[in-house]
Every structure is written in structure tokens, then in C-alpha cells.
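Novice: okay, here's the prediction I keep looking at, along with the sequence it came from:
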Amino acid sequence: QVQLVESGGGSVQAGGSLRLSCAASGRSLSSYSRGWFRQAPGKEREGVAGIDLFGSTRYADSVKGRFTISQDNAKNTLSLQMNSLKPEDTAMYYCAALRLGSDVLSPPYKYWGQGTQVTVSS
């Protein structure tokens with residue numbers, strides 16, 4: 001079992017950057033597929049970036065070239081560097097571990113953090 005705690009959200013202007021972190025405890029994140037998801041008000045939760053068990057990364061088309069997912073194994077932390085932020089990136093961001101579906105960017109995951117809010121103003 002793993003516990004996940006996100007941090008790093010906040011409010012920025014369009015074009016700005018934020019770095020989200022997800023601290024994991026209980027087991028190594030490398031034991032699971034893991035990723036970042038987001039959910040805006042009135043919308044379904046969507047995958048943003050993920051790492052599979054082989055270490056391969058995937059990104060949603062909407063964030064390719066702007067967001068980077070990475071992991072610090074020593075700290076057991078998953079990060080999401082978000083650059084060139086847009087108002088449409090505004091959402092609650094969640095990290096997750098242990099994919100239950102067929103796609104690393106598909107929401108069925110077993111473990112979820114509580115989320116961190118990202119707000120991008122124009």
C-alpha cells in the first residue's frame with residue numbers, strides 16, 4: 001500500500017510555471033505505474049502524464065512540450081513541471097499509483113492523493 005500527498009499548487013498568470021510534487025510513503029513508487037491527473041469543475045478526471053512500470057512516459061496531447069513528469073527515487077517523490085501554463089490548465093491536480101486500467105493515462109488507479117489546486121489566470 002502507498003500513501004500519496006501532493007503539494008506545489010497555486011495561482012499563476014498565463015505563461016507562468018509551477019512544479020507539483022507528490023510525496024509517497026509506504027512503498028516505492030517504482031513498484032507501480034504512476035501518474036498525474038486533473039479535474040476541472042464540471043469535467044471528468046483526465047490523465048495528464050504517466051510513467052509505466054518500464055519507466056516510459058506518456059503525456060496528454062494538450063500538455064506535450066509544456067509539462068514534464070519525473071521521479072526522484074531517493075525521495076520517493078513524483079513531480080510534474082508545468083511550463084507555459086494556460087487558463088485551460090486550471091484544475092485540481094492529483095497524483096495516482098497502481099494503474100487498474102489498460103492505459104497509464106486512464107483514470108482507474110488504486111491509490112490517489114488528495115489533490116492540489118492549480119489556477120491559471122489570463
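Specialist: Looks like it came in fine. Numbers count the residues shown, from 1 in each chain.

Novice: measure how buried Pro41 is and give me the count.
Specialist: By other CB atoms under 10 Å, 7 other residues sit near Pro41. For every residue, glycine as well, the C-beta is placed using N, CA and C.

Novice: list the contacts for it?
Specialist: Going by CB atoms under 8 Å, 6 or more residues apart in numbering, Pro41 touches no other residue.

Novice: okay, it: pLDDT?
Specialist: Each residue has a pLDDT score; the one for Pro41 is 92.

Novice: tell me which element it is part of?
Specialist: Using DSSP states H and E, Pro41 maps to neither a helix nor a strand.

Novice: now do the phi/psi pair for it.
Specialist: Per-residue torsions, Pro41: phi -50, psi 130 (degrees, to the nearest 10).

Novice: pull up the gap between it and Phe54, please.
Specialist: 35 Å (CB to CB, to the nearest Å).

Novice: tell me how far the residue positioned nearest the centre of the chain lies from Leu105.
Specialist: Residue closest to the mean C-alpha point of the chain, counted by CA atoms, centre = their mean, is Trp36 at 1.9 Å. Trp36 is 9 Å from Leu105, where distance means CB to CB.

Novice: mind listing the shared neighbours of the two?
Specialist: 47-50.

Novice: could you dump those to TSV with neighbour count, distance to Ser17 and secondary structure?
Specialist: Shown next, in TSV, are the shared contacts of Trp36 and Leu105 (neighbours: other CB atoms under 10 Å; distance: CB to CB, whole Å; DSSP: H, G, I helix; E, B strand; the rest coil):
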residue	neighbour count	distance to Ser17	secondary structure
Gly47	22	21	strand
Val48	25	15	strand
Ala49	26	15	strand
Gly50	24	20	strand
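
Novice: out of those residues, the closest to Glu88 would be?
Specialist: Val48 (12.1 Å; CB to CB).

Novice: list the contacts of the residue lying closest to Cys22 once chain neighbours are set aside.
Specialist: Nearest non-adjacent residue to Cys22, counting by CB to CB, 6 or more residues apart in numbering: Cys95, 3.4 Å away. Going by CB under 8 Å, 6+ apart, Cys95 touches 4, 6, 20, 22, 34-37, 78, 80, 112-113.
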